[in-house]
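3D, please:
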Amino acid sequence: MISLTIKDTKTFMSHLLIKDTFDNMLLSEAAIVTGNTYNINGSINRSFFSDDELASLASPSYSQWSKIKPVCFGLIKGNKVPTSLKIIFLLSEGDTSQLAGQTDINPEDINGLFINIRYSDSGLTLVTGTSVRTFTLDKSLEHAFDSYVKVFLETSGINYEEIS
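I've put the predicted structure just below:
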């Protein structure tokens, strides 16, 4: 687990809400506080979709950020910035399996690889998190994911500072 402070909030928010940088991430949950508080659960409501529609989704469990992003952008846009914002992303199954391949962890033992984004008047932070089904002292998956996130941000042109 690492904690990163994003140096340029405006650039990051552009990547998050306008550009396609995070579009392939899955949304676990979001909370946007403006004049009201909006909570979004990214879990797919399977009963809403037909079998064909479910088969075409990027994930059978969570909504892809690209599908929810316009809703969040609509809640945020305006003359005032939100009081706070929390978004929890989940790495796709394909990317999770690819990262697991760099470790001795079985992909089926991974509950999820999470990116927690928090914005408030004190700034914008990003914290990584891993969840595995079985207890392990092996931190190779955590280290691989932390490196993945840093490279992802760097290649996207998002500047950060690691918090010790």
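
Secondary structure element holding the residue nearest to residue 102 when sequence neighbours are not counted?
Spatial nearest neighbour of residue 102, chain neighbours left out: residue 144 (4.9 Å); criterion: C-beta to C-beta, 6 or more residues apart in numbering. Where C-beta positions appear, they are placed from N, C-alpha and C, glycine not excepted. Secondary structure assignment for residue 144, by DSSP states H and E: helix 140-155.

Run through who's touching that helix.
1-2, 4, 91, 95, 99-100, 102-105, 110, 113, 115, 126, 128, 130, 132, 159-160 (C-beta atoms under 8 Å, 6 or more residues apart in numbering).

and that helix, which residues are buried?
141-142, 144-146, 148-149, 152-153 (16 or more other C-beta atoms under 10 Å).

Any chance of the backbone angles for the closest residue in space to residue 3 that isn't next to it in sequence?
Sequence neighbours aside, residue 163 is the residue nearest to residue 3 in space, at 4.2 Å (criterion: C-beta to C-beta, 6+ apart). Per-residue torsions, residue 163: phi -90, psi 130 (degrees, to the nearest 10).

ranges for the helices of the protein?
9-17, 51-56, 65-76, 93-100, 140-155 (DSSP state H).

Confidence-wise, which helix or strand of this structure is lowest on average?
Least confident helix or strand of the chain, by mean pLDDT, DSSP states H and E, is helix 51-56 with a mean of 90.

what's it in contact with?
Residues contacting helix 51-56 (C-beta under 8 Å, 6+ apart): 44, 46, 60.

Mind checking which of the contacts of helix 140-155 are in strands?
4, 110, 113, 115, 126, 128, 130, 132, 160 (DSSP state E).

What subset of those residues is buried?
Buried among the ones in strands among the contacts of helix 140-155 by 16+ other C-beta under 10 Å: 4, 110, 113, 115, 126, 128, 130, 132, 160.

Just give me the closest of those residues to residue 65.
Nearest to residue 65 among these, counting by C-beta to C-beta, is residue 115 at 10.6 Å.

List the residues that contact the closest residue to residue 117 other than its chain neighbours.
Once flanking residues are discounted, residue 117 sits nearest to residue 87: 4.4 Å by C-beta to C-beta, 6+ apart. Contact analysis of residue 87 by C-beta under 8 Å, 6+ apart lists 16, 27, 29-31, 72, 116-117.
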